[in-house]
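Student: Sequence plus predicted model, see below.
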2 protein chains.
Amino acid sequence: MEQLGFDPRYKTHRTLDISAENEGEKAKIAGWVVVHRDKSKIIFIKIRDATGIAQIVIKKDEVDDEFWEIAKNLTIESAISVDGIIVADSRSQTGAELKPSKITILQLSDTLPIDLSGIKTETMIETIFEHRELSIRRPESIAIFKIKHHIARAVRDFYVKNGFYEIWTPYILGTSTEGGAEMFKVDYFGQEGVLAQSCQFYKQSAIAVHEKVFGIIPSWRAEKSRTPKHVVEFHQIETEIAFGTDETIMQIQENLLYSVMKHVIEHCSDDLKVLGRELKLPSLPFKRITFEDAKKLGTKLVKEQLDMDEPEGDLSTPAETALSNHFEDPFFIIRFPTEIRGMYYDSDPNDDDITLSLDLVASEGIGELSSGGVRVTSPDKLIHRIKEKGYNPDSFKWYIDMFRYGGAPHAGFGLGFERLTRFITGVKHIRETIMYPRTPDYWSP
Amino acid sequence: MEQLGFDPRYKTHRTLDISAENEGEKAKIAGWVVVHRDKSKIIFIKIRDATGIAQIVIKKDEVDDEFWEIAKNLTIESAISVDGIIVADSRSQTGAELKPSKITILQLSDTLPIDLSGIKTETMIETIFEHRELSIRRPESIAIFKIKHHIARAVRDFYVKNGFYEIWTPYILGTSTEGGAEMFKVDYFGQEGVLAQSCQFYKQSAIAVHEKVFGIIPSWRAEKSRTPKHVVEFHQIETEIAFGTDETIMQIQENLLYSVMKHVIEHCSDDLKVLGRELKLPSLPFKRITFEDAKKLGTKLVKEQLDMDEPEGDLSTPAETALSNHFEDPFFIIRFPTEIRGMYYDSDPNDDDITLSLDLVASEGIGELSSGGVRVTSPDKLIHRIKEKGYNPDSFKWYIDMFRYGGAPHAGFGLGFERLTRFITGVKHIRETIMYPRTPDYWSP
């Protein structure tokens, strides 16, 4: 192996390296037993490592008693090393097999409390999270987490290629962003702080350093929403762009999604197969529909499909879901009314009732992925907006003052990292995309 | 520009693009005014964007009155767009200048409450953090944050190249890791939780998914340490390696540091120059000295240099600093006594009083960068260790049980991301490496 990071006493090769081109090489692999079939004179063992699965065959009449006993008594999930020689074998998927000369038990496993073989059953969901430290090893989970790794990689590559700088913002805040509701309270050396619901004010300040900034940044929302798209601890792909507009952030988002999906299709075909997910590249540019039109269409769809009446105000969840199912590809809803959007969204210069803000909505019923827009940078307008929303401008002093000293036009958005992972992997619940999710009901281990 | 992410109404070119090879092009740049010199008949303006600084020269007898008035009344940190034509000019650093035809004020700045021109003064440190949303724009800060971006990039590239997978671990924990001291308490829907001091238990569980895992992961420590190397909110470059040993994690760390420093030297020479930092690649492999020898040498050094007596137990901070100054390159202290190390460090098979654990210590007085070692994977040994440290094994049930089901030999470490940034940038205080640092005294904005 050319890669760093294994001790040769445990392994010299990855299962990936058991290939026809390495025929004749001595090799030691290590991993976990995933299949153990004892057919009286012959034992089949499959071993999982990070690069795949290798099969070992042990024939009773070819090995000594000690070797046979070790092979016979192995249990599922035991960690073992196998020494052997790589032998070409056209029947094998990789074109080669490891002919074993020695098995070393590194750590024997007790009988597992849950089945890790990967049979998908909806009813198993509670068991999966009860033994999360084990269920993360299920084939579906491994596939999800490998894809998630690749999503993060592709996201960062996209931003770096386009001249963005990564930033880190504070997590414990002394002041609130938009009021104090739905925030987790923290005891900060005897004072009351909160966990950041959004890094927005901080990333806005960072544009004067780097112009274009991004980060995959933790957020918390102490909200008792028990839906397939809510967890209380998550990450946002945060983006803020000096000298950018609503059009700029739509261009960034559609190209971001496209290049991430392309990367996943190219690098994770096996993992997508495990999940039964056929991922198809969306057409560019994404559709843009106004909030007004989205509301009309949503109202019509929920009436037809669910015989429900759409209430006034923001799009209801059923309407958003219906729209999400209606369109084939992700799309933007643009021009939200000022009344229902955050105080920091700037309005159309010709219509103060309409903001230059937008949501990115994923297809397939997944719904909202991101919110963003052009920011208010006039201190007076910001104070006016803050008051309109019923907050006290004094609580936002540093944020407002920032625009008195070198404010610049800018736009930005936050796109849910786990929501994006859910969309790309096609899994039902957002918590399946998280190793140790946090919900109102679940926070251990 | 080939990059995405600016609106042409504000800019079409970066200051970087004002080069001899683009001679004759029409261009619009945008950024912040950093220098404004009015010499009665001629005005010099320097404009900062993310890629550098461009100089504009306006001559009274070449422009109309309106243009002249706009140029004359500009203030430092005002955001402006400049239209013009790129003209080759051998006197310019980039070989070209933008000959301006129009200046548009995007947002005028009030007189700044602090000086951002970048004069380094120790006494300014309080002012810097009082107006942090402005001081992050100082040339030194910009250089630090650009280097930090590159460090993160190089760290992730190193891990990906070596077959590691990125993981995300929970931040709000219901149970403690090593006792409850020095943890920030969180109100979790009426129950008491804490902010993770370390993700160690979780990353250990993830090796069964990916074998080799990493992440740049937030940590919190509610510790009232007022030193140049402590903040209460920080990130660790977390690493855990199945089938790895103490030797493996040393190899990973020395190669990681080497490749990160090489990347920074290659990509950030201008930023290092701003900081007056001469970064020199260390020699590989790093020195390994035993805790016993380190203690002896540390004792001798603090006696000679400070006339202090080194106390029993772990290395004192003065001894660590003296050792850090003594060696030219970063080095490892290995084989720490079991008594003074965490319960999860495995011991030498031949000597239960010595752990297979180690610290990476940076040179130049910076001190400890990381701690790590081989982990205990025997449930019985772990229970014994937990009791020895005075904790209750029942509080660690899922963690202990994890090793009953598919435990495997492994080793890992956590390396302070901001400490590494401090070492590489050579700045005095760790908080200078953080946009919005958190200390016992400072948490706003």
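Tutor: Perfect, I can see it now.

Student: domain parsing for chain A?
Tutor: Domain assignment of chain A by automatic domain parsing yields the ranges A:15-107, A:128-286+A:329-433.

Student: Switch those over to TSV; also include mean pLDDT, mean neighbour count and distance to residue B:444.
Tutor: Using the backbone N, CA and C atoms, a C-beta is placed for each residue, glycine as well. Formatted as TSV, these follow (pLDDT from 0 to 100; neighbours: other CB atoms under 10 Å in any protein chain shown; distance: least, CB to CB, whole Å):
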stretch	mean pLDDT	mean neighbour count	distance to residue B:444
domain A:15-107	95	17	43
domain A:128-286+A:329-433	95	20	4
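
Student: can you tell which of these is closest to residue A:316?
Tutor: domain A:128-286+A:329-433 (11.2 Å; CB to CB).

Student: centre of the chain versus that closest one, how much separation?
Tutor: 12 Å (CA atoms, centre = their mean, to the nearest Å).

Student: Make a markdown table from the domains of chain A and add distance to residue B:34 to it.
Tutor: Output for these, formatted as a markdown table (distance: least, CB to CB, whole Å):
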| stretch | distance to residue B:34 |
| --- | --- |
| domain A:15-107 | 49 |
| domain A:128-286+A:329-433 | 10 |
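
Student: Export the ones you listed as JSON lines, with columns for distance to chain B.
Tutor: Shown next, in JSON lines, are those (distance: least, CB to the nearest CB, whole Å):
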{"stretch": "domain A:15-107", "distance to chain B": "3"}
{"stretch": "domain A:128-286+A:329-433", "distance to chain B": "3"}
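
Student: Now the helix or strand residue A:262 falls within - C-alpha only, CSV.
Tutor: For residue A:262, the host element (DSSP states H and E) is helix A:246-267. The C-alpha coordinates for helix A:246-267 follow below in CSV (Å, rounded to 0.1, in the frame of the first residue of the first chain):
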residue,chain,number,x,y,z
ASP,A,246,-29.9,37.2,-5.9
GLU,A,247,-28.9,36.0,-9.3
THR,A,248,-25.3,35.3,-8.1
ILE,A,249,-26.4,33.1,-5.3
MET,A,250,-28.8,31.1,-7.6
GLN,A,251,-26.0,30.6,-10.0
ILE,A,252,-23.7,29.4,-7.2
GLN,A,253,-26.3,27.0,-5.8
GLU,A,254,-27.4,25.4,-9.1
ASN,A,255,-23.8,24.9,-10.1
LEU,A,256,-22.9,23.6,-6.6
LEU,A,257,-25.7,21.0,-6.7
TYR,A,258,-24.8,20.0,-10.2
SER,A,259,-21.1,19.5,-9.5
VAL,A,260,-21.7,17.7,-6.2
MET,A,261,-24.2,15.3,-7.8
LYS,A,262,-21.7,14.7,-10.7
HIS,A,263,-19.0,14.0,-8.2
VAL,A,264,-21.2,11.5,-6.3
ILE,A,265,-22.3,9.8,-9.5
GLU,A,266,-18.7,9.4,-10.6
HIS,A,267,-17.2,8.4,-7.2
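
Student: Using PDB, write down the CA coordinates of the helix or strand that it is followed by.
Tutor: Once the chain leaves helix A:246-267, the next helix or strand it forms, by DSSP H and E, is helix A:269-274. This file holds the C-alpha atoms of helix A:269-274, laid out as PDB (Å, rounded to 0.1, in the frame of the first residue of the first chain):
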ATOM      1  CA  SER A 269     -21.700   4.300  -7.900                       C
ATOM      2  CA  ASP A 270     -21.300   1.200  -5.700                       C
ATOM      3  CA  ASP A 271     -22.700   3.100  -2.700                       C
ATOM      4  CA  LEU A 272     -25.600   4.400  -4.700                       C
ATOM      5  CA  LYS A 273     -26.300   0.800  -5.800                       C
ATOM      6  CA  VAL A 274     -26.400  -0.400  -2.100                       C
END
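
Student: Quick one: list the elements packing against helix A:269-274.
Tutor: helix A:139-161 (3 or more CB pairs under 8 Å, 6 or more residues apart in numbering or on different chains; DSSP states H and E).

Student: Taking helix A:246-267 as reference, get the angle to the helix it packs on.
Tutor: Computed by axes from the mean of the first three to the mean of the last three CA atoms, to 10 degrees, the angle separating helix A:139-161 from helix A:246-267 equals 130 degrees.

Student: which residues are in contact with the first helix or strand past helix A:139-161 going along the chain?
Tutor: Next in sequence after helix A:139-161, counting helices and strands by DSSP H and E, comes strand A:165-166. For strand A:165-166, contacts defined as CB atoms under 8 Å, 6 or more residues apart in numbering or on different chains pick out A:156, A:159, A:209-210, A:212-215, B:50, B:145-146, B:148-149, B:152-153.

Student: Neighbouring strands - and their directions - for strand A:165-166?
Tutor: Its sheet considered, strand A:165-166 pairs with strand A:212-220 (parallel) by DSSP bridges.

Student: Output the very next helix or strand once past the strand it pairs with in PDB with nothing but the alpha carbons.
Tutor: Per DSSP H and E, the first helix or strand lying C-terminal to strand A:212-220 is strand A:233-242. Extracted in PDB, the C-alpha atoms of strand A:233-242 (Å, rounded to 0.1, in the frame of the first residue of the first chain):
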ATOM      1  CA  GLU A 233     -28.200  19.600  15.600                       C
ATOM      2  CA  PHE A 234     -27.100  19.900  11.900                       C
ATOM      3  CA  HIS A 235     -24.800  21.700   9.500                       C
ATOM      4  CA  GLN A 236     -25.400  24.400   7.000                       C
ATOM      5  CA  ILE A 237     -23.300  24.900   3.900                       C
ATOM      6  CA  GLU A 238     -23.000  28.600   4.600                       C
ATOM      7  CA  THR A 239     -22.100  31.000   1.800                       C
ATOM      8  CA  GLU A 240     -21.800  34.800   1.600                       C
ATOM      9  CA  ILE A 241     -20.700  36.800  -1.400                       C
ATOM     10  CA  ALA A 242     -19.600  40.500  -1.500                       C
END
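
Student: quick one: strand A:233-242 to strand A:212-220, angle?
Tutor: Using the same axes, to 10 degrees: strand A:233-242 against strand A:212-220 is 160 degrees.

Student: So which elements touch strand A:233-242?
Tutor: helix A:200-210, strand A:212-220, helix A:246-267, strand A:410-416, helix A:417-425.

Student: Just put those in a markdown table and tack on distance to residue B:112.
Tutor: Output for those, formatted as a markdown table (distance: least, CB to CB, whole Å):
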| stretch | distance to residue B:112 |
| --- | --- |
| helix A:200-210 | 12 |
| strand A:212-220 | 21 |
| helix A:246-267 | 28 |
| strand A:410-416 | 19 |
| helix A:417-425 | 36 |
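
Student: To residue B:360, which of those lies closest?
Tutor: For residue B:360, the closest of the helices and strands packed on strand A:233-242 is strand A:212-220, at 26.0 Å, according to CB to CB.

Student: which residues sit against stretch A:273-283?
Tutor: By CB under 8 Å, 6+ apart, stretch A:273-283 touches A:118, A:139-140, A:142-144, A:147, A:254, A:257-258, A:261-262, A:264-265, A:272, A:329-330, A:363, A:424-427.

Student: and the end-to-end length of it?
Tutor: 23 Å (CA to CA, to the nearest Å).
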